[in-house]
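1. no sequence on this one, just coordinates:
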C-alpha cells in the first residue's frame, strides 16, 4: 500500500536535487552546507560595518538601499505572498512621508514628538490600506492593478493641488503644493536625535532586522500559508475555509503599514517631501527590486533592493563602471560557455587577436592608436592592447557598435567552434566601443548599462535571483 | 457501522442558474459510515449537486440537513466547520507549497494543535510523511491524489465529498485512487463520490444515485445498480 505512486522519478528526487553540475558545484555545495545562522551573521556584520568603511557620501547610498529594501519587503507581502497586483503601493509611502512632514515641520506648524507621531502614522497608513482594499476586494489581476494605479495617481495629484481643492480654505496649505514641504525635522527618540547619515543608516538597519524577523515568522504562520494558498488557487483556498477577503485586506494593511513607516523615515532623511518623490517611476523601482530579487522570498527582495539601489550609483564612477563592464563580460563568457576549455580558448584567442589587430592597424594607419585612454586602472591596463583611436574616434566607434551588436546576435545563433570564432571579435569590438566611447561618457552609459545588467540578470534567472521556479500542476 | 439517521439529507432540491432549471426535485440521503456514489454523464447536474451541498450555489427550494441540523441557508465555511470536506475536481493542490503546508491548509479552520490529525494522515499514507517537505507540484499524480485526500481529512470530516477523483488520471492511477478512497472509507469516514466512471465507483460503493438531466433516475444499492440493464447500456458499456 505504501508503494502507491512511488515511481523512479520520485525515488531519485533527493539525489537529483543534490547533484550540482559543472566546476562551480563544490562551491555551491559548500555554501549550502553553511548553517543559515552564519550566513545571517555574515550579511548583518557586513551591513553594520558598511558606514564605518566608506566615505560620508556613500552612506547616503546605503540609506537609499535600506529604504528600498524596506519598501520591497512591504510590497512583497502584497504581491509576493498574497499575489495581489497592487500598483498603489507608492501612495502609502508618500502618505507616511507627507504625514510625518506635516506634523514635524513649520508647515502647520506642528511639532509632534516622534514617539507619538510614528505609531499614529503607521496606524493611519494601515487604515488607508484597509480602505483601499475594500473596493478592491472583488477585483483580481489587471482589474485590481488599474484600480490601485488610480489611487497612486490620485494621491500625487491631491498633494500637488491640495490648496486648490474646492472644500479647502485658502489659508490651509497642508501639502505645500508642487513645492512640497521643506525643513522636516529629524526623528527624536527620547532625546536622541537621528540627525546624521550614519544614525539614519543604523536606525534603518535595526528596523529592517526587526521587520525581517517579524515577516519571517508571519510567512511561516497559518496566515502566511493561507496567503500563499489563496495566491495559488483562490477557490481551493476557499474550500479550506480561509476567509479570502479578510486575508486580502490584511495583506494590504501590512504592506501599507510598512510603506508608511518607510515614508516617515524618508521625509526625515531628505529633510523635506516633494510630490515627485512618490510618482510612478519610483513605484517601478520598488517593483523591479521585488521581481529581480525573486518575488515571495525575503532574502531575495532584500538582495534585489541592494542590486537596484546600488548598481546605478556604482555606475556613476567611470572606474567602478569599468570594473562592472569587464566583470560582466567575464560572467557572460562563463555563463555562455560553461566548460573551462572553451573559456580558455576564447581568452587566449582574444589576447592574440587584440595584439594582431593593433599591430596591423597601426602599421596601416598610425592614428588608430593615438588616442588617450580613460584615466582609470583598467583602461590604462588595456591601453596597450585595444585600439584607442585618435582621429575620427566617434565615427569609427559608432560603426564598431553596430558590428558588435550584429556579433552578439550571431553568437546567440551559432554553436561549437563557430561560436568561439564569432565570440572573439565580438568581445574585442565591445571592449573597443567601451574604451573609445562609453567609458568616456558615464552619464549616458549609466542607464544603458544598468538596463543591460537587469536584462542579463532576468534572462539568466527568470524567477528572480533567489526566487523559486514556478511548479505548475498539470 | 451504518446507523439509521442520515448524515446528509437533501429533500426536494431545486437549483437554478438564472432561468435554467438545473436540479429538479433532488432527494438523496447519505447515512453515517456509508460510501455513496453519484453517477451521471456530462451536464447531468453532478457538479451542481455538489455545489449545492457545499453551499457554493443555493437552491431555490428544498432543504439540506447535515448531521441533524438544517444547513440550507448556511455558508460554505460553516458547513465545512460542521464536518464536510471536499476533494475538488483535478485535486487543486497548492503547487508551490510543500506537502506539509498543503496538509496544514486543510486544518485552517482550527487553530488548535493538529499534530494528531497529521499523524493519522501519515499513518494512512506513509508516503506523505516521507515527502512532507517536497513541493506538491512535483509529486506524481497518485501522490497528489493522496495529498488532496489527506488535506481534506485534516479537518476531521464526517463526510468527505469527492468530485470526479478519476479525472485526468491514467487508468492505473484511477484504480489506485479508488483504493485510497476505499481505505479512507474503511477508516470510518462517510464518503460521497461524484463520478462519471460508473464501473469503478460502483465497485466500491454501498449505494448509488444516478442523475440524468437534473433528475435522479435511479437509486439503489450498488449491487443492484451494477446489474441494472439500463445503466449497463448507458454507462457500463456492457
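-> Okay, I see it. As the structure is a computational prediction, the values presented were derived from the model and not from experiment. Residues are numbered from 1 along each chain as shown, chains lettered A, B, ... in the order given.

2. Kindly provide the distance from the residue lying closest to residue A:304 once chain neighbours are set aside to residue A:36.
-> Among residues not flanking residue A:304 along the chain, residue A:293 sits closest, at 2.3 Å (C-beta to C-beta, 6 or more residues apart in numbering or on different chains). Just so you know, the C-beta spots here come from the backbone N, C-alpha and C atoms, and that holds for glycine as well. Going from residue A:293 to residue A:36 by C-beta to C-beta, to the nearest Å gives 18 Å.

3. hang on, the earlier thing: didn't the residue nearest to residue A:304 look like it was pressed against residue A:287?
-> No - counting by C-beta atoms under 8 Å, residue A:293 stays clear of residue A:287, with 10.8 Å between them.

4. Return, as residue ranges, the portions of chain B with sub-threshold pLDDT.
-> B:1-4, B:111, B:234-238 (pLDDT under 70).

5. which residues in it form strands?
-> Using DSSP state E, the strands of chain B run over B:6-17, B:20-31, B:35-40, B:61-66, B:69-70, B:84-87, B:159-163, B:190-195, B:207-212, B:215-221.

6. what about residue A:293 and residue A:36, which has more around it?
-> Between residue A:293 and residue A:36, counted using other C-beta atoms under 10 Å in any protein chain shown, residue A:293 has the larger neighbour count: 29 against 8.

7. And the pLDDT at that one?
-> Note for residue A:293: predicted pLDDT of 91.

8. How about residue A:24?
-> 66.

9. do the same with residue A:298
-> Residue A:298 is given a pLDDT of 94.

10. if I read this right, it contacts residue A:212, doesn't it?
-> Yes - contact status for residue A:298 versus residue A:212: in contact at 6.0 Å, counting by C-beta under 8 Å.

11. Quick check: neighbours shared by these two?
-> Common neighbours of residue A:298 and residue A:212, using C-beta atoms under 8 Å, 6 or more residues apart in numbering or on different chains, are residue A:73.

12. more neighbours, those two?
-> Remark: of residue A:298 and residue A:212, residue A:298 carries more neighbours, 23 against 18, as counted by other C-beta under 10 Å.

13. Next, work out how far apart that one and chain B are.
-> Here the criterion is C-beta to the nearest C-beta, to the nearest Å. By it, residue A:298 lies 15 Å from chain B.

14. so where is the stretch 101-250 of chain A shaky, pLDDT-wise?
-> Applying pLDDT under 70 to the stretch 101-250 of chain A flags no residue at all.

15. Can you give the distance from stretch A:182-190 to the centre of its chain?
-> 28 Å (C-alpha atoms, centre = their mean, to the nearest Å).

16. circling back to that earlier point, of all the strands of chain B, which one is nearest residue A:458?
-> With respect to residue A:458, and counting by C-beta to C-beta, the nearest of these is strand B:84-87 at 38.2 Å.

17. Does anything pack onto that closest one? Which helices or strands?
-> Using 3 or more C-beta pairs under 8 Å, 6 or more residues apart in numbering or on different chains; DSSP states H and E, the elements in contact with strand B:84-87 are helix B:46-54, helix B:141-153, strand B:159-163.

18. just so I know, which of the ones you listed lies nearest residue B:84?
-> Proximity to residue B:84 (C-beta to C-beta) singles out strand B:159-163 among the helices and strands packed on strand B:84-87, at 5.3 Å.

19. who's in contact with the residue nearest to residue A:304?
-> Counting by C-beta under 8 Å, 6+ apart, residue A:293 has contacts A:72, A:299-305, A:307, A:464-467.

20. Assign a three-state SS to residue A:267, would you?
-> helix (DSSP: H, G, I helix; E, B strand; the rest coil).

21. quick one: it and residue A:273 touch, right?
-> Yes - judged on C-beta under 8 Å, residue A:267 makes contact with residue A:273 at a distance of 5.0 Å.

22. For the two, list the residues in contact with both.
-> Shared contacts of residue A:267 and residue A:273, defined by C-beta under 8 Å, 6+ apart, are found at A:97, A:98, A:101, A:184.

23. Between all of the residues you listed, which two are separated the most?
-> A:98 and A:184 (9.9 Å).

24. So which of these two has more stuff around it?
-> More neighbours surround residue A:98 than the other of residue A:98 and residue A:184, with 30 against 25 (other C-beta under 10 Å).

25. on contacts alone, who are the packing partners of the lengthiest helix in chain B?
-> Using DSSP state H to assign secondary structure, the helix with the most residues in chain B is helix B:171-186. Here helix B:171-186 touches strand B:35-40, helix B:141-153, strand B:190-195, helix B:198-204, going by 3+ C-beta pairs under 8 Å, 6+ apart.

26. Nearest to residue A:323, out of these?
-> helix B:141-153 (48.9 Å).

27. quick one: is that closest one near chain A?
-> Yes - Helix B:141-153 reaches chain A (C-beta under 8 Å from any C-beta of the partner chain) through B:141, B:142, B:143, B:144, B:145, B:146, B:151.

28. Turn the residues you listed into JSON lines, including distance to residue A:436.
-> JSON lines is the format used below for the residues of helix B:141-153 next to chain A (distance: C-beta to C-beta, whole Å):
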{"residue": "B:141", "distance to residue A:436": "60"}
{"residue": "B:142", "distance to residue A:436": "63"}
{"residue": "B:143", "distance to residue A:436": "60"}
{"residue": "B:144", "distance to residue A:436": "59"}
{"residue": "B:145", "distance to residue A:436": "64"}
{"residue": "B:146", "distance to residue A:436": "64"}
{"residue": "B:151", "distance to residue A:436": "63"}
